[in-house]
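Enquirer: Turn this into a structure:
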Amino acid sequence: MATKKKVTEEVKDTAKTVADKATAEKIEAKDSKDAKKIKATKKTRAAGKKVKEAVAPAVEAVKKPIAKAKAGKVNLVFQSVMGGAVTPEEITAKLPKEATDAYIKIEENKIYWVGKKGEMGSVDIWD
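Expert: So this is what the prediction gives:
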């Protein structure tokens with residue numbers, strides 16, 4: 001959640017900065033009636049649009065964890081036919097640090113994992 005707040009604040013600060021620059025340049029252009037400053041205002045507006053377009057994916061990324069949080073918390077326990085049980089936390093603890101994906105085969109007593117750089121391996125669920 002701290003990440004969401006940080007991104008939201010950065011988005012607001014960036015938008016405010018762009019808006020402040022555009023306003024300042026508009027005032028200067030009116031006072032001096034200088035064509036170059038009017039062009040600068042147009043550039044600032046264009047930059048503001050680019051900032052909004054660049055920030056849009058970050059805003060969407062912030063919204064996604066919120067949607068996940070709306071789902072109820074469920075206590076998952078995987079059981080084998082032989083009577084053993086294991087939780088997702090216990091499975092995660094058995095994986096190496098480089099693992100990014102895990103495939104659990106309860107009937108085989110194995111956790112197959114894949115790492116970031118293509119490494120692969122397996123770990124026993126129960127010793």
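
Enquirer: now the helices for this structure?
Expert: Secondary structure of the chain, counting by DSSP state H: helices at 2-32, 35-70, 88-94.

Enquirer: By mean pLDDT, show me the worst of those helices.
Expert: Ranked by mean pLDDT, the helices of the chain bottom out at helix 2-32, which scores a mean of 67.

Enquirer: residues near residue 5, how many?
Expert: For residue 5, the neighbour count with other CB atoms under 10 Å is 10. Every residue, glycine included, has its C-beta placed from N, CA and C.

Enquirer: brain fart, residue 102
Expert: Residues within reach of residue 102, counting by other CB under 10 Å, total 16.

Enquirer: check contacts around it.
Expert: Going by CB atoms under 8 Å, 6 or more residues apart in numbering, residue 102 touches 91, 92, 95, 111, 112, 113, 114.

Enquirer: my read: the fifth one touches residue 103, true?
Expert: Yes: under the criterion of CB atoms under 8 Å, residue 112 lies in contact with residue 103, with a separation of 4.4 Å.

Enquirer: out of these two, which sits in the busier spot?
Expert: Taking other CB under 10 Å, residue 112 and residue 103 do not tie; residue 112 has more neighbours (15 against 10).

Enquirer: Residue 55 versus the spatially most central residue of the chain, what's the distance?
Expert: Centroid check for the chain by CA atoms, centre = their mean gives residue 61 as the closest residue, at 4.7 Å. From residue 61 across to residue 55, the span is 10 Å (CB to CB, to the nearest Å).

Enquirer: Equivalent analysis for residue 46, please.
Expert: For residue 46, the distance to residue 55 (CB to CB) stands at 15 Å.

Enquirer: Which one of these two is surrounded by more residues?
Expert: Per other CB under 10 Å, whichever of residue 46 and residue 55 has more neighbours is residue 55, with 16 against 10.
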